[in-house]
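A.B. asks: Pasted the sequence and its predicted model underneath.
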Amino acid sequence: MYLMKSTLDFKLLDDIRQIKPLVHHITNNVTINDCANITLCLGALPVMANSIDEVEEIVENADSLVLNMGTLSNEQYNAILLAGEKANQKNIPIVLDPVGVGATTSRTKKILELLEIIKPTVIKGNAAEISILSGQYGVLKGIESQGIYNNIIPSAEKLANSYNCIVAVTGQNDIITNGQRTFIIENGHWLMGKIIGTGCMAASVIGCFMATGIKTLEACTCALSAYGISAELASIRDDVRGPGSFKSALMDEAYNLQVETINQLARIRKV
Amino acid sequence: MYLMKSTLDFKLLDDIRQIKPLVHHITNNVTINDCANITLCLGALPVMANSIDEVEEIVENADSLVLNMGTLSNEQYNAILLAGEKANQKNIPIVLDPVGVGATTSRTKKILELLEIIKPTVIKGNAAEISILSGQYGVLKGIESQGIYNNIIPSAEKLANSYNCIVAVTGQNDIITNGQRTFIIENGHWLMGKIIGTGCMAASVIGCFMATGIKTLEACTCALSAYGISAELASIRDDVRGPGSFKSALMDEAYNLQVETINQLARIRKV
Amino acid sequence: MYLMKSTLDFKLLDDIRQIKPLVHHITNNVTINDCANITLCLGALPVMANSIDEVEEIVENADSLVLNMGTLSNEQYNAILLAGEKANQKNIPIVLDPVGVGATTSRTKKILELLEIIKPTVIKGNAAEISILSGQYGVLKGIESQGIYNNIIPSAEKLANSYNCIVAVTGQNDIITNGQRTFIIENGHWLMGKIIGTGCMAASVIGCFMATGIKTLEACTCALSAYGISAELASIRDDVRGPGSFKSALMDEAYNLQVETINQLARIRKV
């Protein structure tokens, strides 16, 4: 049922730890610390510069760029535009997290405008966000996806084809597609939904894997499987008694994760 | 000595978990992650939007609004005004945390100005902040209350009557009053004073309980008792060895808290 | 080989806990929560105000000022200038963390401009940052020091003499110099490099010790030794299984640290 280990190359995790690529984030101020820590735990180097005076210079030296629109001032939006355009020029992979698209008029407008100007390598969102971005109906409560999206796979594929990018839908199962081929990842744990920042960190994790230079659907799939397995390993630890201790354990397990463990625990299916 | 369980309805905690209300925060950038996490641990959904372009739209869909003036740019102050006015129009409960009122001229001025424009449902502060807001003398070191306030109960009652709201004074014992009736909550633990953010999180917890639609003195009292009991349960865990591990445990215990446990451990007195 | 306990006065830690000095931070939004927590764990009171409307008033009542240039808007830079000038006027010690100097043109320019205007008591950085500030060659990847700096001691001494201040270079071993006398601290643990914020927190720790009123090379040396020992104690705990649990344990151990333990474990050499 699941893809054999030979199909996907989880050795990318070792590449991250050897190359120590630079992952530039422009992100919200709620989970910025978590995003930086998960990046460092995986073996990459985070840099969180967000001043319009320097983001272009930072991104030129970065190996990937993670753009998260969770809390957005006009200044930060301008920094995102500058960094994104520079990354596109330099062929640096961009992971875009359109947090809460559809939640407010101004947020939706900004995200759609952004997608006219910069070309992301990966768009990562929850089911409601991806559905809305693909032009379908979606419901958010705050920034959390509500309801059931039976058509989420075709929606994600449509969005991937529209922007010629990879689309990742995170949820109980994750969906990854480039519009032609689609994977479903069954790794992960429900405790991820009980702490703030697991969605934002998912984008950071993808950013780490993309920063190795392998910008494929498979690399993105490896990333989310590795992340989900870290959560699974954390969830079964005897010192985890709730969301607070789970969060610390998740960082620990991302740091301790081995390629061989991913090979054993990955649950990835082709659609 | 303590109020019988029949007097207060701690089942509100179950209501939070069932309704999953949306608690909109506009808050400082020091403890924003903690406020979001405690909200999620209690079963509500946090949303932390602070852009003037969207706070009105967000607050319209929220079940309560938590306003914290800990770190305050002019832009954030304007967002607070917009969100607060909209919440008042829509009858959405507001919990105001006037962090550090009295600490600086500009902060005091802004907070007093805010209270001319928006009407909070609850004002939550430490003894110095509440004393100062009520027109009495108070001393802060940074944002921490200094000295002893023998008249804090009449000060809190006066403030509650002035603004026709509930006033919550957090400290070793918490005081909750609507100006007519006053409760003292003896739950809590001194380790709460050894981590940053327990004051801010107290406002979030009140925001979660108010978001059920029950905007009473009793709901507010339940909130702070439940919060204090979470801290007590965390403090006695064998894996808590100081403030760092206590913080994780506090989140765990807020998540795991049961109504029956609150009924057993609540120490609430009528004044 | 190591300095005898009589040479350095680790009792400063008890002074912090007794005086509870106020340590004003203007710092980046990535690690602001960590800086506030480590300050509180050591026994001082943090205040993180960064609004230009109030930083001067806050700093007047502070016992030390920690300035960190990690994420820097123009507004925050102006707040740093105002607070720094006021601190200099009032003879309040300033700890400057020139995060990422040399990483971008605008950041380097701002930091050099700042050093024309305000006079820090301590400049703390990694080897690349200190080397660059002293006019030598240095390489940063993001904000992490790259390469080996054989001349770091003379570079640090030169910088100390240029600005007539103390210079602290953090790394596997820490170097502290006032240009005339130089100490090497061998305390610390490699796990400190696996979490975000240990560099920023080092500046906070120095700020706590300086806030006792003892602004000497020895006080600064005590600070970094105490911090490194906290990390060592955390690293050997049986509940530490990676960076996430290490971070909680580091806070615990900073809180629990005793003067006698520092005396036993300090590894400080004179150059």
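C.D. replies: On my side now, so go ahead.
A.B. asks: Would you confirm that A:Met192 contacts A:Ala231?
C.D. replies: Yes - the pair A:Met192 / A:Ala231 is scored as a contact, 5.2 Å apart, by Cβ atoms under 8 Å. No exception for glycine: its C-beta is placed from N, CA and C like everyone else's.
A.B. asks: now check the host helix or strand of A:Ala226, is it near chain B?
C.D. replies: A:Ala226 is part of helix A:217-235, with elements assigned from DSSP states H and E. No - if you take Cβ under 8 Å from any Cβ of the partner chain as the test, helix A:217-235 misses chain B, and the best it gets is 12.4 Å.
A.B. asks: who in the stretch 151-271 of chain A is up against chain C?
C.D. replies: A:Arg237, A:Asp239, A:Lys247, A:Ser248, A:Ala249, A:Leu250, A:Met251, A:Asp252, A:Glu253, A:Tyr255, A:Asn256.
A.B. asks: What's the PyMOL syntax to select whichever of those residues are buried?
C.D. replies: Per 16 or more other Cβ atoms under 10 Å in any protein chain shown, the buried members of those correspond to this PyMOL selection:
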select buried, chain A and resi 237+239+247+248+249+250+251+252+253+255
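A.B. asks: residue with max distance from the center of chain A?
C.D. replies: A:Asp238 (28.2 Å; Cα atoms, centre = their mean).
A.B. asks: Give the helix, strand or coil label for that one.
C.D. replies: coil (DSSP: H, G, I helix; E, B strand; the rest coil).
A.B. asks: on that earlier part again, of A:Met192 and A:Ala231, which one has the most company?
C.D. replies: Set A:Met192 next to A:Ala231 and count neighbours by other Cβ atoms under 10 Å in any protein chain shown: A:Met192 wins out with 25 against 22.
A.B. asks: Now do the more buried one against A:Asn33, distance only.
C.D. replies: Per Cβ to Cβ, to the nearest Å, A:Met192 is found 17 Å from A:Asn33.
A.B. asks: A:Glu57 now?
C.D. replies: For A:Glu57, the distance to A:Asn33 - Cβ to Cβ - is 23 Å.
A.B. asks: between those two, which one's more packed in?
C.D. replies: A:Asn33 (21 against 16).
A.B. asks: For the nearest residue to A:Gly213 once chain neighbours are set aside, give me its contacts.
C.D. replies: Of all residues not flanking A:Gly213 in the chain, A:Asp63 sits nearest, at 7.4 Å (Cβ to Cβ, 6 or more residues apart in numbering or on different chains). Residues counted as contacts of A:Asp63 (Cβ atoms under 8 Å, 6 or more residues apart in numbering or on different chains) are A:Ile19, A:Pro21, A:Leu22, A:Val23, A:Ala44, A:Ile92, A:Pro93, A:Ala211, A:Thr212, A:Gly213.
A.B. asks: What strand or helix carries A:Arg107?
C.D. replies: Judged by DSSP H and E, A:Arg107 forms part of helix A:105-117.
A.B. asks: let me redo that: A:Leu65
C.D. replies: strand A:64-68.
A.B. asks: CA atoms only for that strand - export them in PDB, please.
C.D. replies: Coordinates of each C-alpha in strand A:64-68 appear next as PDB, following Å, rounded to 0.1, in the frame of the first residue of the first chain:
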ATOM      1  CA  SER A  64      15.300  29.000   0.500                       C
ATOM      2  CA  LEU A  65      12.700  31.600   1.400                       C
ATOM      3  CA  VAL A  66       9.700  31.000   3.600                       C
ATOM      4  CA  LEU A  67       7.000  33.600   3.400                       C
ATOM      5  CA  ASN A  68       4.200  33.500   6.000                       C
END
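A.B. asks: what lines up beside it in the sheet?
C.D. replies: strand A:22-26 (parallel), strand A:94-97 (parallel) (DSSP bridges).
A.B. asks: Can you tell me which residue sits nearest the middle of chain A?
C.D. replies: With distances taken as Cα atoms, centre = their mean, A:Ala203 lies nearest the centre of chain A, 1.9 Å away.
A.B. asks: quick one: it and A:Ile123 touch, right?
C.D. replies: No - using Cβ under 8 Å, A:Ala203 is not in contact with A:Ile123; the gap is 9.6 Å.
A.B. asks: Common neighbours of the two, please.
C.D. replies: With Cβ under 8 Å, 6+ apart, A:Ala203 and A:Ile123 have common neighbours A:Leu96.
A.B. asks: Rebuild the strands paired with strand A:64-68 as CSV, extending it with distance to B:Arg181.
C.D. replies: Shown next, in CSV, are the strands paired with strand A:64-68 (distance: least, Cβ to Cβ, whole Å):
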stretch, distance to B:Arg181
strand A:22-26, 49
strand A:94-97, 47
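A.B. asks: would you list those strands in TSV and tack on distance to C:Gly142 and mean neighbour count?
C.D. replies: Below are the strands paired with strand A:64-68 laid out as TSV (distance: least, Cβ to Cβ, whole Å; neighbours: other Cβ atoms under 10 Å in any protein chain shown):
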stretch	distance to C:Gly142	mean neighbour count
strand A:22-26	5	28
strand A:94-97	17	28
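A.B. asks: I'd like to know which of these lies nearest to C:Asp53.
C.D. replies: strand A:22-26 (26.6 Å; Cβ to Cβ).
A.B. asks: ok, which stretches of the stretch 51-200 of chain A are helices?
C.D. replies: Taking DSSP state H, counting those that start in this stretch, the helices of the stretch 51-200 of chain A run over residues A:55-60, A:74-90, A:105-117, A:127-133, A:152-163, A:198-210.
A.B. asks: residue contacts, A:Gly102?
C.D. replies: A:Thr108, A:Ala128, A:Glu129, A:Ile132, A:Gly138, A:Leu140.
A.B. asks: So which of the residues you listed is the closest to A:Val167?
C.D. replies: Nearest to A:Val167, judged by Cβ to Cβ, of the contacts of A:Gly102 is A:Glu129 at 10.4 Å.
A.B. asks: do you know how far the closest one is from B:Ala83?
C.D. replies: 23 Å.
A.B. asks: circling back: out of the residues of the stretch 151-271 of chain A next to chain C, which are close to chain B?
C.D. replies: Answer for those near chain B (Cβ under 8 Å from any Cβ): A:Asp239, A:Lys247, A:Ser248.
A.B. asks: Which residues of the stretch 1-150 of chain A lie near chain B?
C.D. replies: Near chain B, when you scan the stretch 1-150 of chain A using Cβ under 8 Å from any Cβ, you find A:28-31, A:33-34, A:70-73, A:100, A:103-107, A:141-144.
A.B. asks: Run through the residues that contact the residue nearest to A:Ala231 when sequence neighbours are not counted.
C.D. replies: Nearest in space to A:Ala231, with sequence neighbours left out and distances taken as Cβ to Cβ, 6+ apart, is A:His189 at 4.3 Å. A:His189 makes contact with A:Gly228, A:Ala231, A:Glu232, A:Ala234, A:Ser235 under the criterion Cβ under 8 Å, 6+ apart.
A.B. asks: rerun at 7 Å
C.D. replies: A:Ala231, A:Glu232, A:Ser235 (Cβ atoms under 7 Å, 6 or more residues apart in numbering or on different chains).
A.B. asks: got TSV for those residues, with distance to C:Val169 and pLDDT too?
C.D. replies: TSV is the format used below for these (distance: Cβ to Cβ, whole Å; pLDDT from 0 to 100):
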residue	distance to C:Val169	pLDDT
A:Ala231	38	98
A:Glu232	41	98
A:Ser235	41	98
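A.B. asks: Nearest to chain C among those residues?
C.D. replies: When those are compared for distance to chain C (Cβ to the nearest Cβ), A:Ala231 wins out at 12.2 Å.
A.B. asks: can you tell me which residues contact A:Leu250?
C.D. replies: Listed by Cβ under 7 Å, 6+ apart, the contact partners of A:Leu250 are A:Ser230, A:Ala231, A:Ala234, C:Gly244.
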